[in-house]
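Participant: the following comprises the amino acid sequence and a computationally predicted model.
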Amino acid sequence: MSKRLVYLDNAATTPVREEVLEAMLPYLGKDAFGNPSSAHRFGRAARAGIEEAKRSIAEALGGATEPSQVIFTSGGTEADNLAVIGCALAARDHGGPFRAAVSAIEHKAVLAAAHALTRLGGEEIVLPVNASGTVEEDALAEALTRGAAVVSVMWVNNEVGVIQPVARLAARCRAAGVPFHTDAVQAFGKIPVSLRDVDCTFLTISGHKIGAPKGIGALVVRDRHAVEAIIHGGGQQFGIRPGTENVPGIVGLGRAVELAAAEQAEFAQRVAALRDELERRLLATVPDAVINAWQALRAPHVTNVAIPGTDSEALRARRAARAQSSLRTCSPPWACRASWAWRRCGSRSARTT
Ligand SMILES: Cc1ncc(COP(=O)(O)O)c(C=O)c1O
């Protein structure tokens, strides 16, 4: 009997949804293949697709942002780099600090972007997290006093699923006059994400986490003066992110965002129940398994489990019929660096999403 392959790696990527593919196809074919900067009818058709996607994304984010504030990028990584490096460059140009403060648990796209500033003559501040995995607010206060061009704290962590108090952090940054960026790649579609509740300057989303293709994402830029381009070319997208737009990808992202927003509440309920059941059965079978951050506020779609004395790579190899993410020694890698009090430091853990 053939085995059914189970895919448990949706935080890494998702397949393109049928509805998304259907929305994209006209923009790959003869009718709307034009360059959106061209004034003729082919260009106008492509431009119309982009404008509709911007409207869908602005609306899905709570309607508190203008469609013109949605800047398309090649994905979450580029959007994060644009927010962190672009904002630091803009601050430097205006005589401000050339320094970014980022949480210790950020995705590499943010951590490495902040680190890149040090090679450009700037500085990075890495904000530690506490035992429940949330950012130490005293450290944030210190960074704000010292002066930062931008603060970046992710909405939901991709390895463990911990939800950060981004509304409060954004408000603190706003009060200090410092732009706040949040990477919402793992939050959007999984928990309620509204810019009505979170007064951030920048927000990142990525298409391939929500059923759009890889290679498309967006940075919401609510203050154009707070960012400078990090790649240079024509004047597309207000010069913030020049280059001929990836029209089919943008249209796909717009459709995927619409669907994810409409389905979020039902998704969260269904997936949280599945996660709870999985964790319950796992603990019943393997009593010394550790569900990392089980006591913290977590997004429903990630569970991070450590089984003391078990090598997750070996476990994964034995369970070839499951596609699941395994993490290296002392994983998540930032956990030890950030001094989390989780028992799985020094052991291996596996992420199921
Ligand atoms: C939290 C987070 N930010 C950023 C990224 C990078 O996004 P992309 O793969 O679209 O570059 C990911 C992808 O894993 C992610 O999980």
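Facilitator: Sure, I can see it. Numbering: from 1, shown residues only.
Participant: excluding its backbone neighbours, what's nearest the residue of the stretch 1-150 of the chain found nearest the ligand?
Facilitator: Using Cβ to the nearest ligand atom, Gly76 is the residue of the stretch 1-150 of the chain that sits closest to the ligand, at 2.5 Å. In this view, the C-beta of every residue, glycine as well, is placed from N, C-alpha and C. For Gly76, ignoring the flanking residues on the chain, the nearest one in space by Cβ to Cβ, 6 or more residues apart in numbering is Ser206 at 3.3 Å.
Participant: contact partners for that neighbour?
Facilitator: Residues near Ser206 by Cβ atoms under 8 Å, 6 or more residues apart in numbering: 75-76, 79, 185, 216-217.
Participant: just to be sure, which of the residues you listed are found in strands?
Facilitator: Gly217 (DSSP state E).
Participant: pLDDT, neighbour count and distance to Val178 added to the contacts of Ser206, as TSV?
Facilitator: Formatted as TSV, the contacts of Ser206 follow (pLDDT from 0 to 100; neighbours: other Cβ atoms under 10 Å; distance: Cβ to Cβ, whole Å):
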residue	pLDDT	neighbour count	distance to Val178
Gly75	98	24	26
Gly76	98	26	22
Ala79	98	30	19
Val185	98	29	22
Ile216	98	28	29
Gly217	98	27	24
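Participant: give me the low-pLDDT residue ranges for this protein?
Facilitator: The chain contains residues with pLDDT under 70 at 1-2, 312-349.
Participant: who in it is up against the ligand?
Facilitator: Within the chain, the positions adjacent to the ligand are 75-77, 80, 107, 109, 154, 158, 183, 185-186, 206, 208, 217 by Cβ under 6 Å from any ligand atom.
Participant: in a strand, Ala101, correct?
Facilitator: Yes. Counting by DSSP: H, G, I helix; E, B strand; the rest coil, Ala101 is found in a strand.
Participant: list the contacts for it?
Facilitator: Ala101 makes contacts with 114, 124-127, 140, 143-144, 148, 150-152, as judged by Cβ under 8 Å, 6+ apart.
Participant: and which of those residues is nearest to Thr14?
Facilitator: Nearest to Thr14 among those, counting by Cβ to Cβ, is Ser152 at 24.2 Å.
Participant: helices along the stretch 1-150 of the chain, start to end?
Facilitator: 18-24, 41-60, 76-93, 108-119, 137-146 (DSSP state H, counting those that start in this stretch).
Participant: quick one, which of the ones you listed is packed in tightest?
Facilitator: helix 76-93 (a mean of 25; mean count of other Cβ atoms under 10 Å).
Participant: rewinding a little: which residues does the residue nearest to Gly76 form beta bridges with?
Facilitator: For Ser206, the beta-bridge partners are Gly217 (DSSP bridges).
Participant: before we move on, the earlier item: could I get the contacts of Ser206 in JSON lines, plus columns for distance to Asn35?
Facilitator: Output for the contacts of Ser206, formatted as JSON lines (distance: Cβ to Cβ, whole Å):
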{"residue": "Gly75", "distance to Asn35": "21"}
{"residue": "Gly76", "distance to Asn35": "25"}
{"residue": "Ala79", "distance to Asn35": "23"}
{"residue": "Val185", "distance to Asn35": "29"}
{"residue": "Ile216", "distance to Asn35": "17"}
{"residue": "Gly217", "distance to Asn35": "21"}
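Participant: dump the helices of the stretch 1-150 of the chain to a markdown table, plus distance to Pro192.
Facilitator: Below are the helices of the stretch 1-150 of the chain laid out as a markdown table (distance: least, Cβ to Cβ, whole Å):
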| stretch | distance to Pro192 |
| --- | --- |
| helix 18-24 | 22 |
| helix 41-60 | 11 |
| helix 76-93 | 19 |
| helix 108-119 | 22 |
| helix 137-146 | 22 |
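Participant: show me the two of the contacts of Ser206 that sit farthest apart.
Facilitator: Val185 and Ile216 (12.2 Å).
Participant: give me the buried positions along stretch 151-170.
Facilitator: 151-167, 169-170 (16 or more other Cβ atoms under 10 Å).
Participant: among those residues, which are in strands?
Facilitator: Counting by DSSP E, the part of those found in strands is 151-152.
Participant: follow-up on the earlier one: test my guess that the residue of the stretch 1-150 of the chain closest to the ligand contacts Thr204.
Facilitator: Yes. With contacts counted by Cβ atoms under 8 Å, Gly76 reaches Thr204, the gap being 5.4 Å.
Participant: joint contacts of those two?
Facilitator: 183, 185, 217.
Participant: from the residues you listed, which is closest to Ala53?
Facilitator: Gly217 (12.1 Å).
Participant: what's the separation between the closest one and Leu82?
Facilitator: 10 Å (Cβ to Cβ, to the nearest Å).
Participant: please apply the same query to Glu258.
Facilitator: Counting by Cβ to Cβ, the gap from Glu258 to Leu82 is 24 Å.
Participant: repeat for Leu5
Facilitator: 36 Å.
Participant: now do Leu21
Facilitator: From Leu21 to Leu82 the distance is 27 Å (Cβ to Cβ).
Participant: what do you get for Val166?
Facilitator: Taken as Cβ to Cβ, the span from Val166 to Leu82 is 19 Å.
Participant: name all residues that make contact with Tyr139.
Facilitator: For the record, residue 139 is Ala, not Tyr. Ala139 neighbours (Cβ under 8 Å, 6+ apart): 127-128.
Participant: mind starting the numbering at 27 from now?
Facilitator: Yes, from this point I'll number from 27; that puts the last item at Ala165.
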